[in-house]
Every structure is written in structure tokens, then in C-alpha cells.
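Q: could you work out the structure for the sequence below:
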Amino acid sequence: MNPPCGRCKKAVYPTEKINCLDKYWHKSCFSCEVCKMALSMNNYKGFDKKPYCSMHYPKMSFTIVNETPENLRLKQQTMLNSQALYKEDFEKNKGKAFHFVADTPEMQRVKKTQDQISNIKYHEEFEKSKVRSDAPPPENRKDDDEKQPAQPQVYNQQQPGPVRPAAVAPPSGGKRYQALYSYTAADADEVSLQEGDLISDVEPIDEGWIFGRNQRTGQRGMLPANYVQAV
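A: This is a model prediction of the structure:
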């Protein structure tokens, strides 16, 4: 059975059927409700399940409330009630501390940077304490010095002259850094590191991150600045 048209209510046959706005239409009946301009599926705008053209599409309007004495009195009363509720809540929560930090991507990055800095400081303190524990006591070092024979002094027969510094090869493409620790990338825009990797084309981003290329893998992206040092 052929469905009725949404405008003329006559049967709509498959050859001339348009299915739109939860109704079936003849192609000739699918027109603007105001100006009767023929519409298609590409240029119609629906409102209340009726087709309209762009010119006569109903626009939403805002209701303007006149500032009468009664409305002003109600507005003032609402403000007073709001202030009373605020003061009541303030008195109830006085002395209580609220700590709420939004878990945004930026806060997650800052938290991760702080954790990495803490880990590095822990490693540095551990290495320092290890060196201090491995060093012999002062009296043992004195005995070791007494046991070692004095080294003969060798005098150079040539006249001393100005010392020439060794030639240093210029860096290729800006500053170069070397990884102090291994790091696994947590995001797609970061670069993984292994201890000893060389980083080139370094660009500072902020206090805790830099942008560079790992020469071992060829990947380019962000990496923590406290995991590398300049070479």
C-alpha cells in the first residue's frame, strides 16, 4: 500500500516518493511552507516536521522582560536569598580545606615531570651515598699513601711554550644532547630513549621538556629535559 503525501494526503508512488521529516512527499509537494518554492534534499530546512527554504526558516526569538518595579523587587529578593545561602554555606565550611585539581592533560604532564625530577634526584643522592660508602676512611688512605713509593719526577729539557688547545669538531646542526637515563614514551608525540642515545636538532619547549631527534632511531618528538645533558 502506497503511503499518503505529507501535504496533499494523496498516495505517493515509488517513482515520485521523497522520504523526509518522517513523512513521504510528492516531488512537486515538497516545497516551502511559506513561499511554496520547490525544495530538494540538499536545500531544505526542517522545522516542526515541515520543510522551509533558507529565507523563511523560523528563527528562535528571545523573550524580553520589562524591568517593572515588581520585577526589580523580585530580582533584588533573589540576590538577597543567594547571598544568605552563600553566607550560610561559608559559615558551615569555615575551617575546612578543599583541594581539587582538574585532571587535565596539562596537569598530568606536570605531575609526570615532577615524578621524573624526583626520580633523578633520588638517583643522584643514591650515587653520592654509594661513592661515600665505597671510599676508605682517612686513616686508611694515609697508610696507602705511605705504602706507595714516590714517583720519580721527570723534567722536560725543552723550554716551555704556549699550550695549544686540541681541535674540536664543530657540532652538526645545533646543540647535541646525550641521554642519561632510559625513557619510554607515554604519548604519541614523545620519543623513547636508551641510556647513551645522542639527541640532535634540539629545541627547548618549556622548563621540563625539549624537542629533538633521536639519532639511533631517527624519531623526532618531545622528551624530558632532565633525562639528557648537553655534549
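
Q: okay, now the unreliable bits of this structure?
A: The model of the chain has pLDDT under 70 over residues 60-66, 95-103, 130-174.

Q: buried ones in the lengthiest helix in the chain?
A: For the chain, the helix reaching the highest residue count under DSSP state H is reported as helix 105-134. Residues of helix 105-134 classed as buried: 109, 113, 116 (neighbour count, 16 or more other Cβ atoms under 10 Å). All C-beta atoms are positioned from the backbone trio N, CA, C, and that covers glycine.

Q: what's the answer for stretch 16-32, then?
A: Neighbour counts over stretch 16-32 (16+ other Cβ under 10 Å) mark 18, 20-21, 23-26, 29-32 as buried.

Q: possible to save these as a markdown table with distance to residue 69 and secondary structure?
A: What follows is the buried residues of stretch 16-32, written out as a markdown table (distance: Cβ to Cβ, whole Å; DSSP: H, G, I helix; E, B strand; the rest coil):
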| residue | distance to residue 69 | secondary structure |
| --- | --- | --- |
| 18 | 55 | strand |
| 20 | 51 | strand |
| 21 | 46 | coil |
| 23 | 50 | strand |
| 24 | 55 | strand |
| 25 | 53 | strand |
| 26 | 57 | strand |
| 29 | 53 | coil |
| 30 | 52 | coil |
| 31 | 50 | strand |
| 32 | 45 | coil |
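
Q: now distance to residue 220 too, for the residues you listed, in a markdown table please.
A: Below are those laid out as a markdown table (distance: Cβ to Cβ, whole Å):
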| residue | distance to residue 220 |
| --- | --- |
| 18 | 54 |
| 20 | 51 |
| 21 | 52 |
| 23 | 56 |
| 24 | 58 |
| 25 | 57 |
| 26 | 61 |
| 29 | 61 |
| 30 | 55 |
| 31 | 58 |
| 32 | 56 |
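
Q: which of those sit farthest apart?
A: For the buried residues of stretch 16-32, the farthest-apart pair by Cβ to Cβ is 24 and 32; their separation is 17.9 Å.

Q: can you give me the neighbour number for residue 222?
A: Residues lying near residue 222 (other Cβ atoms under 10 Å) number 17.

Q: give me phi/psi at it?
A: phi -90, psi 150 (degrees, to the nearest 10).

Q: how much space separates the nearest residue to residue 3 once chain neighbours are set aside from residue 11?
A: Distances taken as Cβ to Cβ, 6 or more residues apart in numbering put residue 24 closest to residue 3, at 4.4 Å, once the chain neighbours are dropped. Counting by Cβ to Cβ, to the nearest Å, the gap from residue 24 to residue 11 is 9 Å.

Q: which neighbours do those two share?
A: Counting by Cβ atoms under 8 Å, 6 or more residues apart in numbering, the shared contacts of residue 24 and residue 11 are 3-5.

Q: now, of those, which are buried?
A: Neighbour counting over the shared contacts of residue 24 and residue 11 (16+ other Cβ under 10 Å) leaves residue 5 as the buried ones.

Q: format the shared contacts of residue 24 and residue 11 as JSON lines; extra columns: distance to residue 124 and secondary structure.
A: Shown next, in JSON lines, are these (distance: Cβ to Cβ, whole Å; three-state DSSP):
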{"residue": "3", "distance to residue 124": "79", "secondary structure": "coil"}
{"residue": "4", "distance to residue 124": "83", "secondary structure": "strand"}
{"residue": "5", "distance to residue 124": "82", "secondary structure": "strand"}
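
Q: how about the nearest residue to residue 44 once chain neighbours are set aside, secondary structure?
A: What sits nearest to residue 44 in space, not counting adjacent residues and going by Cβ to Cβ, 6+ apart, is residue 51, at 4.5 Å. Three-state assignment for residue 51 (DSSP: H, G, I helix; E, B strand; the rest coil): strand.
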